[in-house]
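Undergrad: Here's my sequence, what's the structure:
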Amino acid sequence: MNSAVTTEFDLGLVALSFFFAVIGSFVALTAAGRVKARDGRLSMSNLITVGVALGGIGVWSMHFIGMLALQMDVGSSYAMTETFASLLVVVVAASLAVRYAAHNPESLPRLAVAGTGLGLSVVVMHYLGMFGLKIYGFIDWNWMLVGLSVVIAVVASTVALWLAFNTPTLSRRVLAALAMGVAVCAMHYTGMAAAEFICTTDSRSAIPQGGGFISSFRLPSLVIVTTVLMTVMLSLDQGFQYLRHRQMKSMTRALQARTAAARRG
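TA: Next up, the predicted model:
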């Protein structure tokens, strides 16, 4: 007989998911401000940074930590194909959306198009990740809440892109990152509220097995390792950019000093 799965949330992990959403958003906002150079060209490294920070850490890592926060009274596992496909989708989409918007960030129609594309990619990432969650049963969806989660994702993504090009000061970026963290979590947990899990087996503790499946007990290690790798990559990139910026400033000051000395001589 089919029966509803009992669920509850670990509030500590919910708070951790919000922390990841804020951190990813803050790094993405910082890098977005350097996407367009003074000569008008776009910085590919900063575009990638935005994609990985916003899509990979702010959305994907937040999503799976939020999934870990969901405690169920049935065995579960995750399909690696859907799990990593969802990561690729949202990272690529975030980079492309910022690239499109950066050509003319003052254009509201352009921001709307980019925000809609980014928001829909977040939706795809979320529900693809949900599809990757395997139990001996199925999910009964509340389609009104699914629709609401789509609206939240599109609106939040559009606002995020506007903030990315209009938060020049540190204090504004912090406030914007907090707002984006709230929006990302609102979309995720609205999508989670739309799902009612139905168990179709008497062996409720049985863990689904299959090629490319990973037990939910091993998921924390996977998320942590992937997130650490993304964080290290972003840190190295931003560190190199900082050192290059300091070197250019030193060279400029030296050139100005030589020019001034030559004029005095």
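Undergrad: All the helices of this structure, residue numbers only.
TA: In the chain, the helices defined using DSSP state H lie at 11-32, 44-50, 62-69, 80-102, 108-131, 143-164, 170-193, 219-264.
Undergrad: what sits up against the first one?
TA: In this structure, residues lying in contact with helix 11-32 by CB atoms under 8 Å, 6 or more residues apart in numbering are 46, 49-50, 53-54, 56-59, 61-63, 65-66, 68-69, 94, 98, 102, 160, 163-165, 167, 173-174, 176-178, 180-182, 184-185, 188-189, 227, 234, 238. C-beta here means a position set from N, CA and C on the backbone, and glycine is covered the same way.
Undergrad: Report the buried residues of it.
TA: 13-14, 16-18, 20-32 (16 or more other CB atoms under 10 Å).
Undergrad: Quick one: mean pLDDT over that helix.
TA: For helix 11-32, the mean pLDDT works out to 89.
Undergrad: Quick check: the gap between the residue nearest to Trp162 when sequence neighbours are not counted and Leu118.
TA: Nearest non-adjacent residue to Trp162, counting by CB to CB, 6 or more residues apart in numbering: Leu111, 5.7 Å away. Relative to Leu118, Leu111 is positioned 10 Å away (CB to CB, to the nearest Å).
Undergrad: Against Val92, how distant is Asp64?
TA: Check again: residue 64 is Phe, not Asp. For Phe64 relative to Val92 (CB to CB), the value is 18 Å.
Undergrad: More neighbours: which of the two?
TA: Taking other CB atoms under 10 Å, Phe64 and Val92 do not tie; Phe64 has more neighbours (26 against 14).
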